[in-house]
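Enquirer: Sequence plus the predicted model coming up.
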Protein chains: 2
Amino acid sequence: MRVEEALCMVGGAGETSYATNSRLQEKAILETKTIIEEAIGAIYMTLLPERMVAADLGCSSGPNTLLVASEVIQVVAEQCRRTGRRPPDLQFFLNDLPANDFNNIFRSLEWFEKKVDEKKFLPYYIVGLPGSFYGRLFPPQTVHFFHSSYCLMWLPQIPEGLESKTGALSDERNIYIGETSPSWVVNLYKEEFKNSFSNFLKFRHEELVPGGQMVYLWGLLQEALHDMVLEGLVEREKLCSFKIPMYAPTMEEVKAVIQKGGLFDIGRAHSFESSWDPFDDSSDDFVLDNLGSSANVAKCIRAVVEPIICRHFGEGIIDELFSRYAKNVARHLLKGKAKHLVLVFALKKRG
Amino acid sequence: MRVEEALCMVGGAGETSYATNSRLQEKAILETKTIIEEAIGAIYMTLLPERMVAADLGCSSGPNTLLVASEVIQVVAEQCRRTGRRPPDLQFFLNDLPANDFNNIFRSLEWFEKKVDEKKFLPYYIVGLPGSFYGRLFPPQTVHFFHSSYCLMWLPQIPEGLESKTGALSDERNIYIGETSPSWVVNLYKEEFKNSFSNFLKFRHEELVPGGQMVYLWGLLQEALHDMVLEGLVEREKLCSFKIPMYAPTMEEVKAVIQKGGLFDIGRAHSFESSWDPFDDSSDDFVLDNLGSSANVAKCIRAVVEPIICRHFGEGIIDELFSRYAKNVARHLLKGKAKHLVLVFALKKRG
């Protein structure tokens, strides 16, 4: 149990990709803190459960993996202190694909328990749950609260019809879904989004207890990927066969799927813009240090997409690709801030 | 999700330490199959739960980590088929210390699901739970069945009084608890065993639902460690400060702690002898190939104690230590088989 050693590797101050990557998600989570508080408060005060189950879907592995857990623990503890009620036992499930680095998370638990010093007041149990959230993850009606952040834009697969129409796709413009994509490609992605998101809603509905809620953030990485892939620093052939299982729906498209399913009431739905530079906390549109800021943006995008790029193109191109990407971003930032859109939803289980 | 690649590393046929190590535990689990079947059968038919929670405490990481899970799944499925009842949803918790390789387990789940083809008939969910079983692991009354194999001989710590009496301990004979240990050292270990095992029983009692059961195996590694450490291939000083948090109680000592606590009824308590050579399936006392067999024994012991030896003495001595150990075992095997004692218990929650 050399938790301390493991933590040295992971924490490693602000220069590592973990830390850089963490800031963006941390900011988004902090921006939605009020919504999480509202949801947890409503669940707790309506159901007064003796035992409460919460889950973070797509938890990843890094310093802010446990941020939502710590927030949920603190909100419930606060509620109980305020109302003088005996706190529930809280089981917190961290979910991600089986390839996620769960070891890293588990080895930081000792440190987490020192930081979140509530265990004696509110007994909590952190658990790892490997699997895709596009499938079933829990027995029926066993979860009180779901959270998901920056994950739902990843589709479970490349749309099925896409591969079979290879002829029409032998063109590097079709690796991303953007303004120049043919409409039939856009439609295939849109269909895949509708199907997979409907499934997601159906499974979560089955898993939530009556009175349960769900809060999730939809971060739209599309534009950044678009730019990066356009660099074209790789063989034309490889590029033509590179597809990304990602789709950025509009607020209206998301609402339409939720409403059509009829399984959830939308408690909250709003969007905000967030700078791509995770260290940029100002709200204006002025970039003070375009070189520094572009390096931050590049690191942040790299932390997200490196695995998928490496798997297809090999590790060889990565450093060069992101160094060029940073230069492009720096040029772009002279004109103003690079921002991305975040959609936030709070859903209440119906029926 | 490159589950296949991960599996290549792990599976790697019979020569790897994983495979070698797995055989011993697999044999023990198979020997207790009937007991597990009885326990699961009784729990299921008494409680008829819609949702069933089972846990393997000290699951480790290797090809047989999921052996108990697969057995529990198959026994429950079989029960339901026989009685024509709708199968429960089964949540299976794999518990070990946070330093355990959970990534390795999770990456083999896809393969596991192909092998244990019951998911459609009996929906099951495999979960990782990091933490010490000498502490609380679950909310109260949420578990139906506990299993533990070859883990309880590890104490949570070196007995507290031992370190403070260093003067009397500057002697390499005291690193293990054996016939030549002074009685006050034996007593310190015995006390530590009684306390930690009582705690273990208390926590499991709180966590089990009424009607829940527990089956565990106690493998006694003591003698093998004894021999190995006596090799004395290391500096006298290092050896003097090396303590192993392990205690091998007798059947009577275990029973006494269970009965004194009054929390469990003993359903079954028996012991069997098992050859140290995991590939030796014969029941006689004759060793056909003492060199081959001693190599198997050495590999098997090494897979268990290498981490604790390395942490104290460094990696440098390991190969030499176990090569000499294998020679010693070979000499020993000329006289007959090396066997170790396994204690098996099935406990029913009282009250």
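Expert: Right, received. Where do you want to start?
Enquirer: Residues of chain A that sit close to chain B?
Expert: A:1-3, A:51, A:89, A:91, A:93, A:97-103, A:106-107, A:109-110, A:123, A:125-131, A:136-140, A:142 (CB under 8 Å from any CB of the partner chain). Every C-beta, even on glycine, is put in place using the N, C-alpha and C of the backbone.
Enquirer: for the stretch 101-250 of chain A, which spans come out with low pLDDT?
Expert: The stretch 101-250 of chain A contains residues with pLDDT under 70 at A:163-180, A:219-234, A:240.
Enquirer: And the strands in the stretch 1-150 of chain A?
Expert: Ranges of strands in the stretch 1-150 of chain A, per DSSP state E, counting those that start in this stretch, are A:51-57, A:89-96, A:124-130, A:143-149.
Enquirer: same thing with the stretch 201-350 of chain A?
Expert: Going by DSSP E, counting those that start in this stretch, the stretch 201-350 of chain A shows strands at A:208-219, A:264-275, A:339-349.
Enquirer: for the second one, packing partners?
Expert: Here strand A:264-275 is seen to pack against helix A:17-31, helix A:33-47, helix A:251-261, strand A:339-349 when contacts are counted using 3 or more CB pairs under 8 Å, 6 or more residues apart in numbering or on different chains; DSSP states H and E.
Enquirer: got these as CSV, with mean pLDDT, distance to A:V215 and mean neighbour count columns?
Expert: Output for the helices and strands packed on strand A:264-275, formatted as CSV (pLDDT from 0 to 100; distance: least, CB to CB, whole Å; neighbours: other CB atoms under 10 Å in any protein chain shown):
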stretch, mean pLDDT, distance to A:V215, mean neighbour count
helix A:17-31, 62, 10, 19
helix A:33-47, 90, 5, 17
helix A:251-261, 94, 13, 14
strand A:339-349, 87, 5, 20
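Enquirer: between the ones you listed, which one is nearest to B:I301?
Expert: Checking those against B:I301 by CB to CB gives helix A:17-31 as the closest, at 37.7 Å.
Enquirer: Drop anything exposed from the residues of chain A next to chain B.
Expert: Listed as buried from the residues of chain A next to chain B are A:3, A:51, A:89, A:91, A:93, A:97-103, A:106-107, A:110, A:123, A:125-131, A:136-139, A:142; burial here means 16 or more other CB atoms under 10 Å in any protein chain shown.
Enquirer: re the thing from before, right, and the strands of the stretch 201-350 of chain A - which one's nearest B:E306?
Expert: For these, proximity to B:E306 was assessed by CB to CB; strand A:208-219 is nearest, at 43.6 Å.
Enquirer: what's that closest one packed up against?
Expert: Against strand A:208-219 (3+ CB pairs under 8 Å, 6+ apart) you get helix A:17-31, helix A:33-47, strand A:143-149, strand A:339-349.
Enquirer: in the shortest one, what's buried?
Expert: Looking back up the chat, that one is strand A:143-149. The neighbour-count check on strand A:143-149 (16+ other CB under 10 Å) flags A:143-149 as buried.
Enquirer: Please save the CA atoms from it in CSV.
Expert: Provided in CSV are the C-alpha atoms of strand A:143-149 (Å, rounded to 0.1, in the frame of the first residue of the first chain):
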residue,chain,number,x,y,z
VAL,A,143,-29.2,4.2,-7.9
HIS,A,144,-30.3,7.6,-6.4
PHE,A,145,-28.0,10.0,-8.4
PHE,A,146,-26.1,9.8,-11.7
HIS,A,147,-23.5,12.3,-12.7
SER,A,148,-21.6,12.4,-16.0
SER,A,149,-19.2,15.0,-17.3
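Enquirer: Name every strand pairing with it and say which way it goes.
Expert: Strand A:143-149 has its sheet partners listed here by DSSP bridges as strand A:51-57 (parallel), strand A:208-219 (parallel).
Enquirer: what's next to the shortest one, contact-wise?
Expert: By CB atoms under 8 Å, 6 or more residues apart in numbering or on different chains, the residues outside strand A:51-57 that reach it are A:43-44, A:65, A:68-69, A:72, A:76, A:88-96, A:129, A:133, A:137-138, A:142-149, A:151, A:216, B:139-140, B:142.
Enquirer: All good on my end, thank you.
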